[in-house]
Each structure stands twice: as C-alpha cells, then as structure tokens.
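Student: here is the input, now give the coordinates:
(chains A and B)
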Amino acid sequence: MVSPFRQRVAWFVWTLVLVASLGAVRVLNQRAIARSQDDEGGRDRRFGFRLTESAKRRGVEFVHEGSTFDARLAHIMPQVASMGAAVAVADFDRDGWQDFYVTNSREGSFNRLYRNRGDGTFVDVASQLGVADVNQADAGVSMGAVWGDYDNDGWDDLLLYRYGRPELFHNEEGHRFVAVGERAGLPRWLNANSATWLDYDRDGRLDLFLAGYWPDSVNLWKLETTRIMPESFEYATNGGRKYLLHNRGDGTFEDKTQALGLTSHRWTLAVVAADLFGTGYPDLFLSNDYGVSELFANRGGTAFVDVALSSGVGRTPKSGMNAAVGDVFNDGRLAIYKTNISEPGVLVQGNDLWVPKAAASRSSTLKAQHSNTATTEYENLASSMGIDLGGWSWGAQFGDLNNDGTQDIYLTNGYVSAGERSSYWYDFAVIAVGHSQIIGDAVNWPDMKGRSLSGYQRKRVWLNDGLGRFTEVAQVVGVRDTYDGRAVALADLGNRGVLDVIVANQRGPLLIYENSVEPGRHWIQLELEGQASNRMAIGARVEMHWNGHMQAQEVAAATGFSAQNQRRLHFGLGDASTVDRVIIRWPSGRQQTIDHPHVDQLHHVKEPDGR
Amino acid sequence: MAADAQTLTPPGRMSASRLTLDSRYLPPLLITSILLSAHLSFGILEAWQKTAVAIVTAIGAELVMGRVTYGTWPHPASAYISGISAGILVRSPFLWPYFLTSLISITSKYVLRVKGRHLWNPTNFGVSAAVFLAPATITVLSIQWGNVVAPMAIIWILGSVIVWRVGRAHISATYVVSFVLLSFVRSAITGTPWLAAVAPITGPMYQLFIFFMVTDPKTTVRSRKGQCLVAFLVACVEMLLRLAEVLYAPFYALFIVGPIAMLVEIYREAPGLRPQAPALSVSAETRAPPD
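Tutor: Predicted structure coming up:
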C-alpha cells in the first residue's frame, strides 16, 4: 500500500504536470500563430526586398465582379459564386514585355487584356482584340484562362475556361484573337475551375487538360434540381469530369480522357503538370476540393495511373485549392504546394508541402514507366517548415522574391468578406458534417445572411532560408491587403530582374505588387524556345548550377490557382556574380548544357537540332 | 471518454469476475474496430503516428501515475480508450496536440478529484481544454467518414448493443431523443433548415460522443433517473451553446454539466460516501487507480 503522504506528493506532482501541459498547449498554439504570421520581432529585420502595391499608378483599375446564379441558390450565393478572379501572364505580342489577362465573372462583364507598354504602365486591349465580351449566362462566365501556343506558330493562344462553354482564342500575331473552340472540338459545357497545357506524349504539340468542378450536367443559371452540392465535405466524388484533349496538329483536339485512364469526378480546383517521377513525361497533380488529391503518373505518354495513395499525397482528404511545384531545398526535387483551409477554432487542415523523400534514381525512373504504384514517396513537410497555416488559402506561387537563391512562397487567402462582425462559420461547419442526403442539397444549407466566411484575412509571404524553414514577412515587406484573394501570378513586369506579384481578388480590385530588391543580389532569366519540342518549351526542366548551389525549375503553363506565371524562368543568385552552368532537358528529351552564362540578364535559348 | 472497463459490469446478472473480463474489452474493441474500419475504408487518419502518439502517451501516463500514486499497475483499457479517442477526435497538422491532449486527459483523472471520484470524463476534459486553449492549431473531428450508410449503421447498431449490454443504453437514448427534439426548437428559433440543425448527429464525432463519452460510468451519477436527467441537461446546455454558435457545444456542455451533477451527488451522499461504490469496484487490482 502507498502511504497517504506519498499519494499527496504524487497528487501535487500530477497537478504540476497538468498545469504545465495546459500551459504548453497555449504556448505552442501561440508559437504556431507567430510563426505563420510575422511577429513583431520581424520588424527589425531586413529581408532584402519590398513589395509596393502599384496597380492604379500603372493604369490598371480593374475590380472583379461575381456571378449571380439560379435564384434557388440566393441564400448561399457568395459561396457558390465565390470564384472567377484569375490572372494569366504571357507576352502575347512578343514585344519582350510581359502582358496579362484577367477574368471577370458577372454576366455581361468584360475581361481585360493588359498590354505592357514597357514604361511601367499598362493599357487594356481586350475589347480591341476580341477577348473582352465573353461572360454571358448562355455561354457561361469566366473562371480562368491559360496561355499556350497550341499550333507552334510562335504566338501564345488563349484558352478560356468557364462555368459554361470553354473557348480557345487563336492569336493572330498579336493583332487580334479569333475564337476557334468549336472547330477545335472543345467540350460543349464544362464547369471548370482549372486547365493547363502540356505535351503529355512528347510529340511536340501542346495538349489540353481541363478539369471540371461542378458536374457537367449542371447549368448554374437553370437548375433542374438543388441536389448539386458535394455529397461530402471530404469524400465527394460527384464533381465534374476531366478532359485530356490530344492535339492532332491540325487545329483540332481528340478526347483521350477515358483511353488514358483519367476517370476522376472529384471537385478539382487546381492542376499542375510537371515531371515528378523523372521519366521525362509530365505527370498531373490535381488539387481537389472536398476530398483527396490525385496524382496521375504519366506512363510513357500512353496512360495515366493514379498513384496518389501509394505516393502518400492522396491519403488525407482536405479542401485543396492550389497546385504549384518548387525546388525548396535546392537539390533538384520538386515539391508540391497544396493549399487548404485553416480557420482557428473550427477547421485546421493545414496546407501541404509534399516533398519527395528522395530524388528519382535512374532505376526508379525506369521502374516508374512500368509500374502501377508510385516509385517516389512524398512526405508532408508544411508543418515542420512553417508554411501550413495560411487561413482559407487560395493561390500560392513559388518564386525567388528577394533574389537570394531560394524559392519563396507568396500566398493569398480569404473566402467571403461580408459582415465584419458576423461569421457564417458555425452554420457552415454544421452543414459540412451532415450526411450526403443533407449536405448534398442546397436547400439544406443555412442562409448566409450577409455574414463573412474566413473573410478579411492577412496574406502570407514566406521567405525560404534554404535550410528547411520559412519566415513569414508579409506585413513587413508591404503586403497588407485583406481582400478575398484567389489567383497569384509572378512576373518580371519591368524587365528589372525581379519578380513582381499580380493578385486577382474575388469581388475586389486587381493588385500589382511591385518588387524592389536591394542592390547587390544577382539573377539570371531564361526564355526557352522549342524546335523538336513544343515551341513554348512547356515541360522543359532547367537546372541552374552556381557557387556550389543547384536549383531546378520547370517551364509550366497553369500553376497555382486559376493562374499562370510568366513562362520565362527566373533564378535569384544571391551575391554570386557567376554561374557555373545551366543544364536544360527539353521536352523532346534532348539535353543541353550552357557553361558560364552571364548573370543579370535574360537569355533566349533555342532548342538545338539533333541529339 | 474512458468508459472504464471495470465499471461496465451490469450489476446482478452474472458473476462479477466473469462479466468484468467480458465487458472490460468491449469498448476498446468497439472503438478500435471503428477506427480501423473508418481508416481502411476512408483513410480518416492523416498519419497513424499521431494516433499512436496519443495512445502510447495515454497508456504510459496511466501506468506511471497509477503505479506511483497507488502502488499498483492499473489496467490499460481505460487509458487505451482515452488515447484512441483523442487520436480520432483531435485534428491538427502538428504532433504535439496528440501528446498533450492525451496527457491532460489522463492527468485530469488523478488531479481533479473530490472525495475519491474524478469529476470530468478524461477525454472530454482533455479535448475541451485543447480546443479552448489552442483554437489556431487544434480542432475536433467534424466531417463524415465517407457517404456510405452501411458503416454508419453498423457503428450505430454495434454501439447500441454494447451500451445496452453494459446497462447504459438509456443514457444514449435520452441524449439522442433530446438532441433531435431540441433541434426542432433551434430550427424554429434560428430559421435554419431542420435538417441542417440535426445534421451534426449524423457524423462520427457524435457517434463517439454518444457511445463513449456521455455514458462514461465513472463520471455519471449513479441513479438511472439521474443519468437520464443529466443526459437531458447536457442536451439542453448544448442547445444553448449552439444558439450562441459554439461549435464544440456537446463537449463543452458535458464539460459543464457532468462535474456539476457529480458534485451534487457527491455532496448529497456525503455522510456515508465511500471513495468507490461497491457495485463499481470489481477487483483489488483496479480499485485504487482512478480509471
């Protein structure tokens, strides 16, 4: 038997343990908050760059307007019409300056194509060139756009995806755009929130991937039923179908979706195509709302196999909204950044940073081409690297914002900013837990009544220290807006050797954050042009070697959420004034090495002939 | 939750030792089968390591605290349920909440005691404290496990059979009926569709709450009527909290009502109170530690 004295001592000790544990919970919670948002201590530090909002000064005064669907959705309209603000960057007129296209979503509203004048200002030429008046209820309203030269004529064409009929605009040498979607064979109706160009079979022509969100049968303006909502908050498979359209080379596309094994009906919000298994063929990562992610491994251009489960990226259902790839450790491994929801006190999914456990070896690469499982396993390092808590996160992009030689992250967030003192979260959480018979019918969803849902959120700018930690510096470097952000695109708008940031906000103004990097930080940019490969070299992988460092990047079309960065690749070099070599693996499979390219300039590189 | 095994014996039906052996493992078996079936079917666990940390922490803390405090090794069934419950209910991208929630749950049993009885259901205390103190990093399971009716029906049936076998079905039934009836009241007051008001009870969080937490013999009063009254009061307080849009209303309601009911009973019985009621103690090994 234990003596009463010993029992009292034990009770005292356990009391201390209990108090300490409760205290530890509070402290660790506060520490996590401080890490995900810049703390006061950060104000004394210099991060080597500053972002200044400059849209109005540059002549860009665009405010996104939302859609209005069937009246039976009026009580939850801010939710169901919560997307459509998108931005896609390209030099559509080939004058050497980056232009961008932004989408609007109100029925009857106009999209904008901002041509870069080269003097720091922009002018809208969308109406003049025929890509403005594209939002009507009978054809659908814009959800996003992505540039790609599908006919290899050297001019970027524009794919517009909508809740409605997707459209393809052929670029007539920068002078006008001609709608060719019907002739090209695009789907008649598709409620899409993402699409991308990729050359999945490496035949030198860009193919098109389109991902439905709402089921194709739904016309949001003329509902046949109110049972259109996801059947589950995290296990829904009743979303839109996907399309992989093979480019025949004659201006038309062939639907190869089923033949290639892309049978998903999940609620896809973002897609990125990149060679994730080292096979030389682009794989597809789908960031899905209301469920798990999907990772379709490309088997030699003849099939896609979903390896999300075996690779680890598709085991936990969340609310995926973003897909971007970046070499966060400067070791050639491309990590996938997927954003989700984090709302204190309600739902803390945390964003995901899926990092390959090891770079693909030659043997695993060979094996990957014949396997039904992933040969590379991924682990989620978002929490340990401090980039997991980003609010209701939407678009995010990798890019070296301060030219220090590492890939940073710019993230925007916020869902519905309405009543500042009222929140819809309780009702949202209540319906979200309901069985499919309840959650699946819009009439069961409580009225929003002008309340906010994760509104007015602070953005995140995470600086990579290259050692496995990110520091949040948004407020310090000048990012202080609280709009409902959706798309983020990075581009060097002034040809200054820095990445500026364009942010498209839902029902809010388009923002351009001009980047000022402190002197003494070097950089190099590459603009690739394919010959045997597709003209825009989408899918090319570049490895930059300098001063003992190596960083890999791939040329991509869509990346982030409803966004497209500039296609030219930007590498910050820190204080290194020389580069050892650049290794380019073209989509055709050709490899090219360039020794000692000059720094602080843009290099145009054409794919060499022969092997 | 910690519906501790030793107290699940339905008094007066079979010999105490025989029933203890059977009943002791029923709740752990049920909750383990729920976890395994849900994870294998729908992959509910982000990382099994997190659940493992919660379980190991709970059992480890129980063994150490029981041994140090009472000089005997406590049976780990109760701690196992606490740990696995924390592992299922807690949702966080971090590992530490699983460790600390389990530790707080078990420690509360040894600290927050009045006249030999602990007041809070351990997991209820741990989870409530965790979500209250760390809202930015910890939430509670709040989604469906898939959309197939069959698994949910199996859990309801299995759970009902088990709480019936251990003589606790009336508590669960009282709570469920109260919740459903009061959801009409909430719907009328707020204008929310009734199906939305009643939706939470269709989720797995409530299955765990109804079968493992609100029925915990150690933290409920002894009389059958009293148990029903407490279950009804929990539902009433939950309704008030839900009207105030408190998301984790059932946990907080039990957190508030449970100890008050226990204190009322303890002080009403005070003159002749024994530290452990005879009907709830079944073996020398498990009498002393506060399972």
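
Student: any regions of the stretch 1-150 of chain B where pLDDT drops low?
Tutor: Applying pLDDT under 70 to the stretch 1-150 of chain B picks out residues B:1-24, B:43, B:46, B:142-149.

Student: do a quick rundown of the strands in it.
Tutor: B:90-91, B:113-114, B:117-118, B:139-140 (DSSP state E, counting those that start in this stretch).

Student: what would these look like in CSV with mean neighbour count and distance to chain A?
Tutor: C-beta: built from backbone N, CA, C; applies to glycine. CSV is the format used below for the strands of the stretch 1-150 of chain B (neighbours: other Cβ atoms under 10 Å in any protein chain shown; distance: least, Cβ to the nearest Cβ, whole Å):
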stretch, mean neighbour count, distance to chain A
strand B:90-91, 23, 6
strand B:113-114, 14, 8
strand B:117-118, 20, 12
strand B:139-140, 24, 5
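
Student: looking at these, which is nearest to A:Gly66?
Tutor: A:Gly66 lies closest to strand B:139-140 among these, at 28.9 Å (Cβ to Cβ).

Student: re the thing from before, export the strands of the stretch 1-150 of chain B to TSV and append columns for distance to A:Val348.
Tutor: Compiled in TSV, the strands of the stretch 1-150 of chain B are given as follows (distance: least, Cβ to Cβ, whole Å):
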stretch	distance to A:Val348
strand B:90-91	6
strand B:113-114	32
strand B:117-118	29
strand B:139-140	5
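
Student: identify the residues contacting residue 30.
Tutor: All of this is about chain A. A:Gln30 is in contact with no residue at all, counting by Cβ atoms under 8 Å, 6 or more residues apart in numbering or on different chains.

Student: actually, chain B is the one I wanted.
Tutor: Residues near B:Leu30 by Cβ under 8 Å, 6+ apart: B:158-159, B:162, B:211.

Student: could I get the contacting residues of the residue lying closest to A:Gly405 once chain neighbours are set aside?
Tutor: Leaving aside its chain neighbours, A:Gly405 sits nearest to A:Gly574 (4.2 Å; criterion: Cβ to Cβ, 6 or more residues apart in numbering or on different chains). Going by Cβ under 8 Å, 6+ apart, A:Gly574 touches A:403-405, A:521-522, A:547.

Student: top of those residues by neighbour count?
Tutor: Comparing these by number of neighbours (other Cβ atoms under 10 Å in any protein chain shown), A:Asn403 comes first, having 26 neighbours.

Student: the residue nearest to that one when sequence neighbours are not counted: neighbour count?
Tutor: When the adjacent residues along the chain are set aside, A:Asn403 lies closest to A:Gly572, with 3.3 Å between them (Cβ to Cβ, 6+ apart). With neighbours defined by other Cβ under 10 Å, the count for A:Gly572 comes to 27.

Student: returning to what we had before: out of the strands of the stretch 1-150 of chain B, which gets nearest to A:Met536?
Tutor: Proximity to A:Met536, assessed across the strands of the stretch 1-150 of chain B by Cβ to Cβ, is greatest for strand B:90-91 (42.4 Å).

Student: the helices in the stretch 151-300 of chain A, which residues?
Tutor: Applying DSSP state H, counting those that start in this stretch to the stretch 151-300 of chain A gives helices spanning A:181-184, A:257-260.

Student: chain B: which of those helices is closest?
Tutor: Among the helices of the stretch 151-300 of chain A, helix A:257-260 comes nearest to chain B, with 24.5 Å by Cβ to the nearest Cβ.

Student: elements contacting the closest one?
Tutor: strand A:242-247 (3 or more Cβ pairs under 8 Å, 6 or more residues apart in numbering or on different chains; DSSP states H and E).

Student: which helices and strands does the strand it packs on pack with?
Tutor: Strand A:242-247 packs on strand A:207-212, strand A:253-255, helix A:257-260, going by 3+ Cβ pairs under 8 Å, 6+ apart.

Student: now do the longest one, average pLDDT.
Tutor: Across strand A:207-212, the average pLDDT comes to 98.

Student: so that strand versus strand A:242-247, what angle?
Tutor: 160 degrees (axes from the mean of the first three to the mean of the last three Cα atoms, to 10 degrees).

Student: restrict strand A:207-212 to CA atoms and write it as PDB.
Tutor: Output of strand A:207-212 as PDB, limited to C-alpha atoms (Å, rounded to 0.1, in the frame of the first residue of the first chain):
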ATOM      1  CA  ASP A 207      -2.300  19.000 -75.500                       C
ATOM      2  CA  LEU A 208      -5.000  20.400 -73.200                       C
ATOM      3  CA  PHE A 209      -6.200  19.300 -69.800                       C
ATOM      4  CA  LEU A 210      -9.500  20.700 -68.500                       C
ATOM      5  CA  ALA A 211     -10.800  19.900 -65.000                       C
ATOM      6  CA  GLY A 212     -14.500  20.100 -64.100                       C
END
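
Student: can you list the strands that it pairs with?
Tutor: As defined by DSSP bridges, the strand partners of strand A:207-212 come to strand A:190-198 (antiparallel), strand A:242-247 (antiparallel).
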